[in-house]
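>>> predicted coordinates and the sequence they were generated for:
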Amino acid sequence: MAITMKVNGADKTVDVDPETPLLWVLRDTLGMTGTKFGCGIAACGACTVHINGVAERSCSIPIQYAAGKAITTIEGLSTDRSHPVQAAWIAEDVPQCGYCQSGMIMAATALLKEIPKPTDDDINTHMTNICRCGTYNRIRKAIKRAAGITT
Ligand code: FES
Ligand code: FES
């Protein structure tokens, strides 16, 4: 089944089973491997992308749901890591192994779009992705840096 969506601003048409998870279309069909596979059951957030500006877990979104929608992946934030959230991540030296981090950045970007100056409670509520390296404190600092909050 041919499905058309906008990925990082460009129209993309794919011919796949409509039940195929969006994650696998991004990674295998479109070759965009910045979005990661962790649990496959919408629990860890490693696969987070934006669909029409909202953070969603692409491992559990059938591609048919993405038809006609705007998808943003980590590759779409900037081509040179200059997006404010990416820059804050670099400044705070957030990643350890790095596996969860594109999902974390996409979740944080969606949070800051919705709440430009998030409180600790806002961060706790919205950042439900899992980091097995335990980088949560640096993630919090990077979100606040990107928001221009001095601590
Ligand atoms: S891989 Fe999608 S939430 Fe874990
Ligand atoms: S940096 Fe290793 S899982 Fe988060």
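Okay, I see it. Numbering: from 1, shown residues only. Ligands and ions are numbered 1, 2, ... in the order given.

>>> how does the chain divide into domains?
Per automatic domain parsing, the structural domains of the chain span 2-76, 84-147.

>>> okay, those domains in JSON lines with mean pLDDT next?
Listed next are these as JSON lines, based on pLDDT from 0 to 100:
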{"stretch": "domain 2-76", "mean pLDDT": "98"}
{"stretch": "domain 84-147", "mean pLDDT": "98"}
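
>>> any chance of the ones you listed in TSV, with mean neighbour count too?
C-beta coordinates here come from the backbone N, C-alpha and C atoms, glycine included. Shown next, in TSV, are these (neighbours: other C-beta atoms under 10 Å):
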stretch	mean neighbour count
domain 2-76	18
domain 84-147	18
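
>>> which one of those lies closest to ligand 1?
Ligand 1 lies closest, by C-beta to the nearest ligand atom, to one member of these: domain 2-76, at 3.2 Å.

>>> does any part of that closest one sit near ligand 2?
No - judged by C-beta under 6 Å from any ligand atom, domain 2-76 makes no contact with ligand 2; its nearest approach is 7.9 Å.

>>> kindly report the same for stretch 118-136.
Yes - contact of stretch 118-136 with ligand 2 (C-beta under 6 Å from any ligand atom) involves C131, R132, C133, T135.

>>> up against ligand 1, what does the protein have?
Near ligand 1, when you scan the chain using C-beta under 6 Å from any ligand atom, you find F37, G38, C39, G40, A42, A43, C44, G45, A46, C47, R57, C59.

>>> please produce a markdown table containing these, extended by distance to A110.
Shown next, in a markdown table, are the residues of the chain next to ligand 1 (distance: C-beta to C-beta, whole Å):
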| residue | distance to A110 |
| --- | --- |
| F37 | 20 |
| G38 | 18 |
| C39 | 19 |
| G40 | 21 |
| A42 | 15 |
| A43 | 18 |
| C44 | 16 |
| G45 | 11 |
| A46 | 15 |
| C47 | 14 |
| R57 | 12 |
| C59 | 17 |
